[in-house]
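>>> structure of the sequence below:
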Amino acid sequence: MTPADLLRAMFDAAVAAAQPDLCVPAHLPDPPKGCTVVIGAGKASAAMARALEAHWPGPLSGLVVTRYGHGAACEQIEIVEAGHPVPDAAGLDAAKRVLEIVSDLSIGDLVVALISGGGSALLTLPAPGLSLADKQAVNAALLQSGAPIDAMNCVRKHLSAIKGGRLARAAAPARIEALLISDVPGDDPAIIASGPTVPDPTTFADARDVIERYSVSLPAAVHAHLAAGADESPKPGDPYFANASSHLIATPAMTLAAAADIARQAGYNIDLLGDTIEGEAHTVAAEHARRARAAVPGTVILSGGELTVTVTGNGRGGPNTEYALALSLALEGAAGIHAIACDTDGIDGSEDNAGACIGPDTLERAAAADVDPGASLTANDSYKVFAALGDLVITGPTHTNVNDFRAILIER
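I've put the predicted structure just below:
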């Protein structure tokens with residue numbers, strides 16, 4: 001098996017470990033005396049709904065919203081596809097319907113909430129006084145600001161009528177069992193999809209601080225809404241959550257463990273950096289290049305988390321291809337070092353690829369293809385480099401979402 005083949009096998013094992021068909025059945029709640037309603041949002045939510053239907057002992061109804069192209073065939077649960085990472089009218093309509101579905105339930109009823117990464121954009125319902133256009137503008141600005149996911153979701157929660165625990169508020173007093181596939185560093189349920197069913201410890205003041213810290217441009221209505229600070233999100237201890245529980249059914253740590261098993265079987269030692277790495281993609285890549293140069297041959301360096309890109313250019317590419325390109329430049333063709341960087345949902349940013357791979361010859365091949373990696377990195381145009389080299393990793397929708405996966409292999 002070549003180094004490139006081994007890296008791809010590790011990524012495939014990571015994705016397989018977080019498949020809903022594997023993770024959902026073991027975490028199904030006890031059926032209620034009343035009705036069971038299934039709602040959800042995220043890139044994995046449709047596949048989660050399909051897995052739940054296949055193993056549920058009684059009747060179901062409900063609606064989940066997922067990204068375009070990430071749907072799954074269900075018989076009792078309606079699947080709606082909507083815009084991501086920038087919300088659209090389909091997501092707005094779905095969020096309104098989800099809120100209506102849970103708003104007339106009793107204490108004997110059960111809400112099963114299927115939540116995964118991407119739910120923040122997909123489950124979009126602007127707070128009173130705000131429009132979909134306002135939310136779209138803020139989302140686009142946040143995505144280019146370089147803000148980490150917890151900061152972005154703090155803002156989103158305070159512009160929403162459904163996120164930040166407000167869905168649980170609408171569903172009370174029904175029992176809520178949320179099954180979560182985590183795509184955030186630290187696996188905090190309050191951050192995953194902006195925590196629609198859990199208490200929100202953040203405040204309007206925190207949201208205003210994020211806007212100032214990352215210089216996010218706001219529409220006038222959004223600025224006024226954040227300044228007014230009305231209708232604060234439900235907090236820990238609020239009675240709305242007395243009958244609500246959350247269960248992490250798949251996490252980034254699980255996927256790194258699966259990848260590590262593949263590497264060990266191939267005779268490699270593991271240097272595990274953890275699943276909570278954040279920061280600018282090019283900065284983290286430079287740090288990892290130094291670690292790779294110092295590593296013992298026969299080592300695989302594994303890491304997860306969520307990197308960001310402060311967009312200053314007008315090129316194409318997401319955090320994973322930017323990381324891979326910056327890593328290649330920092331390694332300067334160092335012998336025997338190969339790497340892969342991919343998003344486990346199959347989408348790097350908003351492109352059609354999961355990420356990219358590199359090897360010792362990446363820069364040499366780029367020069368032969370008349371592509372300038374340094375200029376491309378400056379222009380945030382990493383996609384162009386790897387497309388020219390044929391080194392994009394394209395998986396299509398994976399039907400799960402457990403954050404970024406990175407592996408650096410130092411040949412024996």
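
>>> where do the strands sit along the stretch 101-250 of the chain?
Per DSSP state E, counting those that start in this stretch, the stretch 101-250 of the chain carries strands over the ranges 110-116, 175-181, 244-250.

>>> any idea how far residue 134 is from the residue lying closest to residue 124 once chain neighbours are set aside?
Leaving out its chain neighbours, the residue that sits closest to residue 124 by Cβ to Cβ, 6 or more residues apart in numbering is residue 87, at 3.7 Å. C-betas here are computed from N, CA, C, even on glycine. In this view, residue 87 and residue 134 are 11 Å apart by Cβ to Cβ, to the nearest Å.

>>> who's more crowded, those two?
residue 87 (24 against 20; other Cβ atoms under 10 Å).

>>> got phi/psi on that one?
Here is the backbone geometry of residue 87 (degrees, to the nearest 10): phi -70, psi 160.

>>> in this model residue 131 seems to touch it, though I could be wrong.
No. Assessed by Cβ atoms under 8 Å, residue 87 is found out of contact with residue 131, at 11.3 Å.

>>> what's the pLDDT at the residue nearest to residue 124?
For residue 87, the model assigns a pLDDT of 95.

>>> contacting residues for it?
Listed by Cβ atoms under 8 Å, 6 or more residues apart in numbering, the contact set of residue 87 reads 121-122, 124, 132, 135-136, 139.

>>> now residue 75. Nearest residue, chain neighbours left out?
Of all residues not flanking residue 75 in the chain, residue 53 sits nearest, at 6.4 Å (Cβ to Cβ, 6+ apart).

>>> can you check residue 35 too?
Among residues not flanking residue 35 along the chain, residue 109 sits closest, at 5.1 Å (Cβ to Cβ, 6+ apart).

>>> what about residue 320, how many neighbours?
29.

>>> pretty sure it contacts residue 348?
Yes. Under the criterion of Cβ under 8 Å, residue 320 makes contact with residue 348 at 4.5 Å.

>>> and the strand or helix carrying residue 49, what does it pack onto?
Assigned by DSSP states H and E, residue 49 falls within helix 45-55. When contacts are defined as 3 or more Cβ pairs under 8 Å, 6 or more residues apart in numbering; DSSP states H and E, helix 45-55 packs onto helix 20-23, strand 36-41, strand 61-67, strand 110-116, strand 175-181.

>>> the residue nearest to residue 75 touches residue 73, doesn't it?
No. Counting by Cβ under 8 Å, residue 53 stays clear of residue 73, with 9.5 Å between them.

>>> neighbour count winner among those two?
residue 53 (17 against 9).

>>> verify the contact between residue 102 and residue 171 for me.
Yes. With contacts counted by Cβ under 8 Å, residue 102 reaches residue 171, the gap being 3.9 Å.

>>> out of those two, which sits in the busier spot?
residue 171 (28 against 23).

>>> on that earlier part again, now do the contacts for the residue nearest to residue 75.
60, 74-77.

>>> which residues does the closest residue to residue 66 other than its chain neighbours contact?
Computed as Cβ to Cβ, 6+ apart, the closest residue to residue 66 that is not its neighbour in sequence is residue 46, at 4.3 Å. Counting by Cβ under 8 Å, 6+ apart, residue 46 makes contact with 64, 66, 70-72, 74, 79, 399.

>>> three-state assignment of residue 405?
strand (DSSP: H, G, I helix; E, B strand; the rest coil).

>>> show me which of the contacts of residue 87 are buried.
With neighbours counted by 16 or more other Cβ atoms under 10 Å, the contacts of residue 87 contain buried members at 121-122, 124, 135-136, 139.

>>> top strand in the protein by residue count?
Using DSSP state E, we find that the single longest strand of the chain is strand 299-308.

>>> one step back: so what sits against both of residue 102 and residue 171?
residue 111.

>>> care to break this structure down by domain?
What automatic domain parsing lists as the domains of the chain is 3-12+253-410, 19-250.

>>> can you give me the end-to-end span of the last one?
This means domain 19-250. Using Cα to Cα, to the nearest Å, the end-to-end distance of domain 19-250 comes out at 8 Å.

>>> I'd guessed residue 74 sits against residue 48; true?
No. Counting by Cβ under 8 Å, residue 74 stays clear of residue 48, with 10.1 Å between them.

>>> please identify which of these two sits among more neighbours.
Of the pair residue 74 and residue 48, residue 48 is the one with more neighbours under other Cβ under 10 Å, namely 33 against 20.

>>> tell me which helix or strand the nearest residue to residue 7 once chain neighbours are set aside sits in.
Take residue 7 and drop its neighbours on the chain: the residue closest to it by Cβ to Cβ, 6+ apart is residue 340, 4.1 Å away. With secondary structure defined by DSSP H and E, residue 340 is part of strand 337-343.

>>> how far off centre is that strand?
With Cα atoms, centre = their mean, to the nearest Å as the basis, strand 337-343 stands 18 Å off its chain's centre.

>>> repeat for stretch 222-240
Remark: stretch 222-240 is offset 24 Å from the chain centroid, using Cα atoms, centre = their mean.

>>> kindly report the same for stretch 314-330.
With Cα atoms, centre = their mean, you get 18 Å for stretch 314-330.

>>> nice, that's everything, thank you.
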